[in-house]
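Novice: predicted model follows, preceded by the sequence.
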Amino acid sequence: MARRRGAGWRMPALGLMTLAACKAEQSALHPASQDARDVATLFWVMTAGGAVIWLIMMGIVVYAVLGRRRPVSERFADRFILTGGVIFPTVVLAALLVFGLRLLPGAWHPGAPDLRIHVTGEQFWWRVVYEGPDGARVETANQVRLPKGQEVEFHLSAQDVIHSFWIPPLGGKLDMIPGRTNILRLTADRTGTFRGICAEFCGMSHALMAFEAVVEEPDAFAAWLAAEAAPARGDATAFTRAGCGACHGVRGLVEEGAVGPDLTHLARRTTLAAGTLPMTRAALAAWLANPAAIKPDARMPAYGDLPEAEREAILDFLMGLK
Ligand code: CUA
C-alpha cells in the first residue's frame, strides 16, 4: 500500500487496516466447509476446462499463421467446422453444465438448523443477533461466531440499500435486501478466523464493510455466547453525557440506543468499525475523533471537539467493555 506524508489519520489508519486484514483468511480457494469446497472444485474444473479450450484454440491459431498453406477439400472444411464449431463445444459445455448441476443438490439443506443468526446490513456495518432455542436474542455487531460442525442458518436482511453477505472460505454469497429475509445455511468444518465482506456495492465505504467470522469448537462457542449474553459492567456516565447512548446500546447500562452497533462487549471483539481497524485504544481514539477520515459516509458523528478528559473517560469505559 502506498504511503503519503501529512495525510492526517487516514494513512496510519489504512496501514493498521492492512495489518488487521492479514490475520483472517478470505480465500474462496481455501475452503472450510463442504459448500465452499464444492464452489472451489467448480472453479478449478471450469478453469481447467477453459484452459484446455484456450490451448486448443491457440494451437489452431499458430497452425493457421505458421502452418504450410495448401488447399483443403470442401469435405474436410465441412467436417472441420462441424466438429470444431458444433460437436466439440456442445459436448464440452454440456459436460461442464452436468458437472455444475450435480453440485447443486449439495447446496440444499433440509431439516432444522442447529443455530439461527440474524444479520442485517447497515450503513457500512453488520447488526448480528443470535437466536437461542428458547427464543432469547443476543445482539452484537461486526463479528459472527459459529460452532464447528453445526449448521448455522443466517437470516439476512438490510436496513437501507442492498448489501451482500459473503464469508468466502465458508460458502457462497447472498444478497441482503431491505424488506425481505434471505436464508443461507453454513456448516464450518474447521476452526479458524475468517474474513467476511460485503459483496455488493452499497456506497462510499462499501470496501470498508467487513467482519470477522470465528469458527470454534462447540463448547468454546457456547461459553462465548453465554458471556456475550451477560450485561456489561462499567461507569457509563461520560458515555451517556456525550449522547452516545442515543445511538448505541450497552446491555445492562445504556438501553435506549439501537441505531448504531451494540457495544455491550465491544472490547472483546478484535476489530473496530466493521473490520476496518484493530481493536486498540489508539484506533478507537482516532475513530471517535474523526470517523469520516477513516470511513467516508459512516453515520457515526465526530467527537473530536469533546474535552480531552471526557474523551478519555469514554475510552476508559469502552475499553473496559470486556
Ligand atoms: Cu455493504 Cu457493500
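Specialist: Yep, that arrived. Numbering: from 1, shown residues only.

Novice: and A232, what pLDDT?
Specialist: On the pLDDT scale, A232 is placed at 94.

Novice: contact partners for it?
Specialist: V250, R251, G252, L253, L263, T264, H265, L321 (Cβ atoms under 8 Å, 6 or more residues apart in numbering). C-betas here are computed from N, CA, C, even on glycine.

Novice: same thing with F43?
Specialist: Taking Cβ under 8 Å, 6+ apart as the criterion, F43 is in contact with A28, L29.

Novice: go through the host helix or strand of it and flag the buried ones.
Specialist: Assigned by DSSP states H and E, F43 belongs to helix 34-66. Neighbour-count burial for helix 34-66, counted by 16 or more other Cβ atoms under 10 Å, picks out D35, A36, R37, D38, V39, A40.

Novice: between the residues you listed, which is nearest D305?
Specialist: When these are compared for distance to D305 (Cβ to Cβ), A36 wins out at 46.3 Å.

Novice: quick revisit: and the contacts of A232, which of them are buried?
Specialist: Neighbour-count burial (16+ other Cβ under 10 Å) is assigned, among the contacts of A232, to V250, R251, L253, L263, T264, H265, L321.

Novice: TSV for the residues you listed, including distance to the ligand?
Specialist: Converted to TSV, the buried ones among the contacts of A232 look like this (distance: Cβ to the nearest ligand atom, whole Å):
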residue	distance to the ligand
V250	25
R251	26
L253	29
L263	20
T264	23
H265	24
L321	25
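
Novice: how about those residues, which pair is most distant?
Specialist: Within the buried ones among the contacts of A232, L253 and H265 form the most distant pair, 11.7 Å apart (Cβ to Cβ).

Novice: among the buried ones among the contacts of A232, which ones are in strands?
Specialist: Among those, none falls in strands (DSSP state E).

Novice: those in helices, which ones?
Specialist: Among the buried ones among the contacts of A232, no member is found in helices (DSSP state H).

Novice: show me what secondary structure element comes after the strand or helix carrying F165.
Specialist: Assessed by DSSP H and E, F165 sits inside strand 163-166. The first helix or strand that comes after strand 163-166 along the chain, using DSSP H and E, is strand 174-176.

Novice: for that following strand, give the mean pLDDT please.
Specialist: Taken as a whole, strand 174-176 has an average pLDDT of 97.

Novice: what packs against that strand?
Specialist: Packing partners of strand 174-176 (3 or more Cβ pairs under 8 Å, 6 or more residues apart in numbering; DSSP states H and E): strand 115-122, strand 151-158, strand 163-166, strand 182-187.

Novice: of all those strands, which one comes closest to L277?
Specialist: strand 115-122 (17.2 Å).

Novice: sheet partners, orientation included, of the closest one?
Specialist: Here strand 115-122 is paired, per DSSP bridges, with strand 125-131 (antiparallel), strand 151-158 (parallel).

Novice: the ones you listed: which one's closest to A298?
Specialist: Ranking the strands paired with strand 115-122 by proximity to A298 (Cβ to Cβ) places strand 125-131 first, at 7.9 Å.

Novice: any idea what the nearest residue to H206 once chain neighbours are set aside is bridged to?
Specialist: Nearest in space to H206, with sequence neighbours left out and distances taken as Cβ to Cβ, 6 or more residues apart in numbering, is C198 at 5.9 Å. Judged by DSSP bridges, the bridge partners of C198 are F165.

Novice: from I53, how far out is C198?
Specialist: Distance, C198 to I53, using Cβ to Cβ, to the nearest Å: 34 Å.

Novice: again with F99
Specialist: Using Cβ to Cβ, F99 is found at 15 Å from I53.

Novice: ok, now D134?
Specialist: As judged by Cβ to Cβ, D134 and I53 stand 55 Å apart.

Novice: next one: W224
Specialist: Distance of W224 to I53, given as Cβ to Cβ: 48 Å.

Novice: pLDDT score assigned to Y63?
Specialist: According to the prediction, Y63 has pLDDT 90.

Novice: now W166: how far from I87?
Specialist: Per Cβ to Cβ, W166 is found 38 Å from I87.

Novice: more neighbours: which of those two?
Specialist: Legend: neighbour count by other Cβ atoms under 10 Å for W166 and I87, higher for W166 (21 against 11).

Novice: helix or strand: which one has L29?
Specialist: For L29, there is no enclosing helix or strand under DSSP H and E.

Novice: show me which residues of the protein are close to the ligand?
Specialist: By Cβ under 6 Å from any ligand atom, the residues of the chain that approach the ligand are G121, H163, C198, E200, F201, C202, H206, M209.
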